[in-house]
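K.L.:
A predicted structure for the sequence below; I have some questions about it.
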Amino acid sequence: MKKLRVTVEGKTYEVLVEALDAPAAPAPVSVVAPVTVPAPAPVSAPKAAAPAPVAAAGANDIGSPLAGKVVAVKVTVGQTVKAGEEIVTVEAMKMNTPVNAAKDGKIEAVYVKVGDAVVEGQPLVKVA
Amino acid sequence: MRWRIQDYLEVDSTSSLAAVAEPWTVIRAQRQRAGRGTHGRVWVSGDGGLWLSAVLPAPAAAGDAAVWPLLAGLALCEICRELGADGARLRWPNDLLIADRKVAGVKLDRPSADKIIVGIGVNLTQDPSLTMDELRGQSGRLQDALPVVPDRDTLTLRILARLVEIHAHDFAFFAARLAACWGAPRRVEIQVGERFITGVFQGVDSAGNPLLKAADGQSVTVSGAHVWRLRELGE
């Protein structure tokens, strides 16, 4: 396990990372984050794929309301969206939850793709 | 509280119609033109099955909603056993198996914070492997497990009664009953991302996460939300 310091959009996190191609003692991956940020749940399974270190959701980010997998991305960068329009579908244990735009706006960034694992609060898109 | 059942001869998909229906509505169809399973897969829905989507108000606690997929499977398992299919069991998260064949599937949608749609498909007399080759040896039907096939209405009302029960209670209420539905412990392979975890399935924790016993005897909790599929390994 390596401890790294990662700075994303001006915020700094200390992250524990397991290198998957080197023999390593199985251990859960955990993210140590500043107090103000909701801490993602650790994936507690040896040799399991863990979601990438998670940056805090910025003011214009739409975060996932739950842990799950991205099964659909309905928007592209530059697209205008209306409040209530679906931007991403997250699936967990065979329940699909559409994540919708909270307000009208334009998609400035898409952080995820189909197949990605996400944790609760993980930024999905940026809408401005 | 009364259910409103909308019965159709044929629709594209009961879940599409359910998406815009009010809680306590059931969309049921004799056939679906575009029945869907999870992850974009096709759900074969010709004559000879029960295809329905039931709309319920979401439970107050988010954690309660997250385990509804398992509890819907529990409902089907108990109903099948009550009807005489003693060997009915669940494969995590909610495949209903009889004699190791998948007889029914469950798929849920959470279109808004206050609604949950429970989609259920049961093969009564339909053999979907006749339509989809890859299902041969995988799919089953109630007709092969019971001397008398239950009619759709009887099955529908039993399912709806169970959904009311699910809505009224939290996971703890059902934990022991769910534990009884997994059948004998089996070796499984679980895919999380691009990794595969093998172990003997032991049941679930209170959040519905699968519990495995690894080859070295260690107990492993797998993040259920990140599982792509669980495969049972032959002996």
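P.N.:
Arrived safely, thanks for sending.
K.L.:
Can you pull the poorly scored residue ranges out of the chain?
P.N.:
Chain wasn't specified; assuming chain A. Judged by pLDDT under 70, chain A has its weakly predicted residues at A:1-57.
K.L.:
sorry, should have said chain B
P.N.:
Within chain B, the stretches with pLDDT under 70 are B:1, B:235.
K.L.:
Which strand in it has the most residues?
P.N.:
When chain B is scanned for its longest strand (criterion: DSSP state E), the result is strand B:101-112.
K.L.:
Just the buried positions in the helix or strand just after it, please.
P.N.:
Counting by DSSP states H and E, the next helix or strand C-terminal to strand B:101-112 is strand B:115-123. Within strand B:115-123, the residues scored as buried using 16 or more other Cβ atoms under 10 Å in any protein chain shown are B:Lys115, B:Ile116, B:Ile117, B:Val118, B:Gly119, B:Ile120, B:Gly121, B:Val122, B:Asn123. Using the backbone N, CA and C atoms, a C-beta is placed for each residue, glycine as well.
K.L.:
List just the nearest of the residues you listed to A:Ser64.
P.N.:
Of all the buried residues of strand B:115-123, A:Ser64 sits closest to B:Ile116, with 17.8 Å by Cβ to Cβ.
K.L.:
Residues in a beta bridge with that closest one, which ones?
P.N.:
B:Leu56 (DSSP bridges).
K.L.:
what do you get for A:Val110?
P.N.:
Bridge pairing for A:Val110 (DSSP bridges) gives the partners A:Val125.
K.L.:
residues contacting it?
P.N.:
A:Val73, A:Val75, A:Thr76, A:Val77, A:Leu124, A:Val125 (Cβ atoms under 8 Å, 6 or more residues apart in numbering or on different chains).
K.L.:
Domain ranges for the chain, per the record?
P.N.:
By default, I'm working from chain A. Under the assignment automatic domain parsing, the domains of chain A span A:1-55, A:57-128.
K.L.:
that's the wrong chain, I meant chain B
P.N.:
Taken from automatic domain parsing, chain B resolves into B:4-179, B:187-232.
K.L.:
Throw those into CSV and include distance to A:Glu85, thanks.
P.N.:
Formatted as CSV, these follow (distance: least, Cβ to Cβ, whole Å):
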stretch, distance to A:Glu85
domain B:4-179, 13
domain B:187-232, 24
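K.L.:
Would you mind telling me which of the ones you listed is nearest A:Asp61?
P.N.:
domain B:4-179 (19.1 Å).
K.L.:
returning to that earlier point: tell me the most packed of the contacts of A:Val110, by neighbour count.
P.N.:
Neighbour counts for the contacts of A:Val110 peak at A:Val125, which has 26 neighbours (criterion: other Cβ atoms under 10 Å in any protein chain shown).
K.L.:
about what we covered before: in the longest strand of chain B, which residues are buried?
P.N.:
Applying 16+ other Cβ under 10 Å to strand B:101-112 flags B:Arg101, B:Lys102, B:Val103, B:Ala104, B:Gly105, B:Val106, B:Lys107, B:Leu108, B:Asp109, B:Arg110, B:Pro111 as buried.
K.L.:
what do you get for stretch B:197-204?
P.N.:
B:Ile197, B:Gly199, B:Phe201, B:Gln202, B:Gly203, B:Val204.
K.L.:
Show me which residues of chain B are close to chain A?
P.N.:
With Cβ under 8 Å from any Cβ of the partner chain as the criterion, chain B meets chain A at residues B:38-40, B:62, B:65-70, B:93-94, B:106-111, B:116, B:192-195, B:197, B:208, B:214, B:218, B:220-228.
K.L.:
Buried among the residues you listed? Need that as a selection in ChimeraX.
P.N.:
Filtering the residues of chain B next to chain A down to the buried ones (16+ other Cβ under 10 Å) takes a single ChimeraX command:
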select /B:38,65,66,67,68,69,70,93,94,106,107,108,109,110,111,116,192,193,197,208,214,220,221,222,223,224,225,226,227,228
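K.L.:
Give me the subset of the residues of chain B next to chain A that lies in strands.
P.N.:
Secondary structure from DSSP E places B:106-111, B:116, B:192, B:195, B:197, B:220-221, B:227-228 of those in strands.
K.L.:
Need the max-distance pair from those.
P.N.:
Most distant of those, by Cβ to Cβ, are B:Pro111 and B:Val220, 33.4 Å apart.
K.L.:
what packs against the helix or strand harbouring B:Phe173?
P.N.:
Following DSSP H and E, the helix or strand that holds B:Phe173 is helix B:171-179. For helix B:171-179, the packing partners by 3 or more Cβ pairs under 8 Å, 6 or more residues apart in numbering or on different chains; DSSP states H and E come out as helix B:68-82, strand B:195-204.
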